[in-house]
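Participant: the amino acid sequence is not available; the structure is as follows:
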């Protein structure tokens, strides 16, 4: 990674936002893809805008995009793009979706951007460096005990029966009196975790474009991300992820999950 990569990532986010904002709460129809996820013209326009910049300025780099697939698959440097993470929220007119931009080096995420273009909120993180929110440093918060830890997930309906049991065991331990986990949010939950507002996010079924950008943002802010076995995330991870603002809670979460 070189210093100009951050500038490029910010310009990619600017281009995606410029494509998305005119279409937010607009008059269009969402389509359903083969994997049953939604897609809109905003998804496609935003990814196309980002890909055009990378192809012009970094022709030797690879691209892995949700909507338009891969380019230069053998390259050591891969830009991983999710133009709208949380398309269901975008379709519903809820400004809690985000554009995800990651740079992976040899399969490992080293730079990540979470951009919310409607609220004009942007988190930028680098492995080994700090994370910023709209240019100012942010940190996760300490979580001194498992009990009382806030837990978020986009939807419990994404879990298999076995995964749901593991998730509910974590919720029961974190909320012993009354369960009030946070639902909805997609990538926005991880951004809020990086800024110290949420303690834990549990998800399953994520693809590389869903989680690559999250890792540098969360870890640059002092948190950690892993799979459900506690292993670091890379391009080969299985899509079941844990994000924690306080890494000290990892063993508690893994033990509760069983």
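Facilitator: Done, it's in. Owing to the predicted nature of the structure, the values given are computational and were not obtained by experimental measurement.
Participant: which residues in the chain form helices?
Facilitator: According to DSSP state H, the chain carries its helices in the segments 4-20, 41-57, 87-91, 161-174, 187-194, 208-211, 214-220, 250-257.
Participant: for residue 240, find the nearest of the ones you listed.
Facilitator: Residue 240 lies closest, by C-beta to C-beta, to one member of the helices of the chain: helix 161-174, at 7.2 Å. For the C-beta atoms, the positions are set from N, CA and C on the backbone; glycine is no exception.
Participant: which elements pack onto the closest one?
Facilitator: For helix 161-174, the packing partners by 3 or more C-beta pairs under 8 Å, 6 or more residues apart in numbering; DSSP states H and E come out as strand 151-153, strand 200-203, helix 250-257.
Participant: tabulate these in a markdown table, adding columns for mean pLDDT, mean neighbour count and distance to residue 49.
Facilitator: Below are the helices and strands packed on helix 161-174 laid out as a markdown table (pLDDT from 0 to 100; neighbours: other C-beta atoms under 10 Å; distance: least, C-beta to C-beta, whole Å):
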| stretch | mean pLDDT | mean neighbour count | distance to residue 49 |
| --- | --- | --- | --- |
| strand 151-153 | 98 | 22 | 30 |
| strand 200-203 | 98 | 26 | 27 |
| helix 250-257 | 97 | 17 | 38 |
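Participant: could you dump the ones you listed to JSON lines with distance to residue 5?
Facilitator: Formatted as JSON lines, the helices and strands packed on helix 161-174 follow (distance: least, C-beta to C-beta, whole Å):
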{"stretch": "strand 151-153", "distance to residue 5": "29"}
{"stretch": "strand 200-203", "distance to residue 5": "26"}
{"stretch": "helix 250-257", "distance to residue 5": "29"}
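Participant: so which of those gets nearest residue 72?
Facilitator: strand 200-203 (28.5 Å).
Participant: isn't residue 50 up against residue 10?
Facilitator: No - in this structure, residue 50 is not within contact of residue 10 by C-beta atoms under 8 Å, at 11.6 Å.
Participant: more neighbours, these two?
Facilitator: Shown here are residue 50 and residue 10; by other C-beta atoms under 10 Å, residue 50 has more neighbours (27 against 16).
Participant: just the pLDDT for the more buried one.
Facilitator: Looking at residue 50, its pLDDT is 98.
Participant: who are the contact partners of the closest residue to it other than its chain neighbours?
Facilitator: In this structure, residue 50 finds its nearest non-sequential neighbour in residue 12, 4.5 Å apart by C-beta to C-beta, 6 or more residues apart in numbering. By C-beta atoms under 8 Å, 6 or more residues apart in numbering, the contact set of residue 12 is 50, 53, 54, 79, 81, 101, 113.
Participant: are any of those buried, and if so which?
Facilitator: Neighbour-count burial within the contacts of residue 12 applies to 50, 53, 54, 79, 81, 101, 113; the criterion is 16 or more other C-beta atoms under 10 Å.
Participant: list the contacts for the nearest residue to residue 247 once chain neighbours are set aside?
Facilitator: Nearest-residue entry for residue 247: residue 224, 4.3 Å, with adjacent residues in sequence omitted and distances by C-beta to C-beta, 6+ apart. Residues near residue 224 by C-beta under 8 Å, 6+ apart: 218, 243, 244, 247, 250.
Participant: can you give me the strands in the stretch 1-150 of the chain?
Facilitator: With DSSP state E, counting those that start in this stretch as the criterion, the stretch 1-150 of the chain has strands at 31-32, 38-39, 62-65, 69-71, 77-85, 98-105, 108-116, 121-126, 131-133, 136-138.
Participant: returning to that earlier point: can you tell which of the helices of the chain is closest to residue 117?
Facilitator: Nearest to residue 117, of all the helices of the chain, is helix 4-20, at 3.3 Å by C-beta to C-beta.
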